[in-house]
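Engineer: Return atomic coordinates for the entry below.
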Amino acid sequence: MTTESVEVLILGSGPAGYTAAIYAGRAGLKPVMYQGSQPGGQLTITNDVENFPGYPEGIQGPAMMEELRAQAERFGLDNRYGMATSVDFSIPLAHKVIVDENHEITAKAVIIATGASAKWLNIESEQRLNGLGVSACAVCDGFFYRGQDVVVVGAGDTACEEAHYLSKLCNKVTMLVRKDHFRASTIMESRVRKTENIEILFNTETVEVLGDEGVTGVKVVNNQTKEESVITATGFFVAIGHKPNTDIFKGFLDMDETGYLEVEKGTSKTNIEGVFASGDAMDKVYRQAVTAAGTGCMAALDAERYLAAHE
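Structural biologist: Below is the predicted model of the structure:
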């Protein structure tokens with residue numbers, strides 16, 4: 001196994017990771033980044049990004065990530081392909097990370113920007129039309145469906161929040177709930193039930209998302225009657241939750257019951273000195289590119305101050 005030592009190691013390459021790299025690079029910390037299993041993060045599977053400041057005409061997600069990468073590399077980022085497979089955060093200023101099970105890095109400071117992955121239904125048509133009418137983020141993509149009919153899948157608070165948000169933009173929102181009840185909090189359930197242009201279909205599951213170059217409808221089945229039907233829609237929003245990519249940090253870093261990393265309020269500091277968390281790996285509330293970038297900035301500044309205090 002090969003080994004090396006670095007000042008700052010960044011795990012993950014979305015808006016949080018690249019923003020952290022920009023700040024760390026400008027501070028002369030010579031950051032090293034491993035891009036992880038999805039270089040560029042979730043934005044690489046997003047077509048139009050219109051809500052990130054500085055792009056008045058919008059920008060394609062992959063193009064935006066290329067610009068962030070180039071900006072970070074301009075300030076000296078050592079950007080590498082590879083994925084962290086295990087960690088040992090037990091020694092201060094000598095945090096060990098194994099990459100691809102064959103390379104050991106010892107870092108004085110580690111910035112975690114591994115993000116989160118949306119949970120999907122795992123049907124072929126859903127993946128084929130991802131970015132072409134299929135989305136896992138209403139706040140990100142709802143704007144493109146103004147005045148149209150859309151479908152939301154899910155029964156929890158996330159699904160209710162997404163449906164309620166979309167109801168303000170869309171002509172009609174149909175919610176598909178697999179069981180005969182919601183899992184959402186009472187207040188969220190009440191909110192969607194009271195919204196006139198939200199229709200709730202209980203005991204209903206998705207069979208197929210219809211369309212070739214874009215979503216045209218959704219074939220569903222009633223779990224009780226086994227009757228199939230088609231809902232006409234141009235947007236299909238999967239809102240069954242996200243899973244933070246934090247499994248390798250279990251046993252070292254504090255996290256909530258679903259795996260989101262916990263940080264000291266108002267900072268990016270985890271329970272381990274010298275390890276900082278940013279982006280969707282620690283944010284289960286907002287999950288936006290711009291907020292991820294903001295926490296990436298925080299992590300780099302926290303890391304810089306930490307290292308300065310330990311010179």
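
Engineer: Surely Met188 and Ala163 touch.
Structural biologist: No - using CB atoms under 8 Å, Met188 makes no contact with Ala163, being 9.4 Å away. Quick note: C-beta positions are derived from backbone N, CA and C, even for glycine.

Engineer: Looking at these two, which one has more neighbours?
Structural biologist: Ala163 (30 against 19; other CB atoms under 10 Å).

Engineer: ok, the more buried one to Lys194 distance?
Structural biologist: 12 Å (CB to CB, to the nearest Å).

Engineer: Find me the pLDDT at Gly294, would you?
Structural biologist: As predicted, Gly294 sits at a pLDDT of 98.

Engineer: Which of the residues in the helix or strand in which it is found are classified as buried?
Structural biologist: Applying DSSP states H and E as the criterion places Gly294 in helix 289-309. Residues 289, 291-304, 306-307 are the ones in helix 289-309 that count as buried (16 or more other CB atoms under 10 Å).

Engineer: Repeat that for stretch 270-287.
Structural biologist: 270, 272, 274-284, 287.

Engineer: just curious, which of the residues you listed is nearest to Leu201?
Structural biologist: Nearest to Leu201 among these, counting by CB to CB, is Arg287 at 26.1 Å.

Engineer: what's the next secondary structure element after the helix or strand of the chain with the lowest mean pLDDT?
Structural biologist: Least confident helix or strand of the chain, by mean pLDDT, DSSP states H and E, is strand 48-49 with a mean of 81. Sequence order places strand 59-60 as the next helix or strand after strand 48-49, per DSSP H and E.

Engineer: What is that next one packed up against?
Structural biologist: strand 48-49 (3 or more CB pairs under 8 Å, 6 or more residues apart in numbering; DSSP states H and E).

Engineer: helices or strands up against the strand it packs on?
Structural biologist: Judged by 3+ CB pairs under 8 Å, 6+ apart, strand 48-49 is in contact with strand 59-60, helix 61-74.
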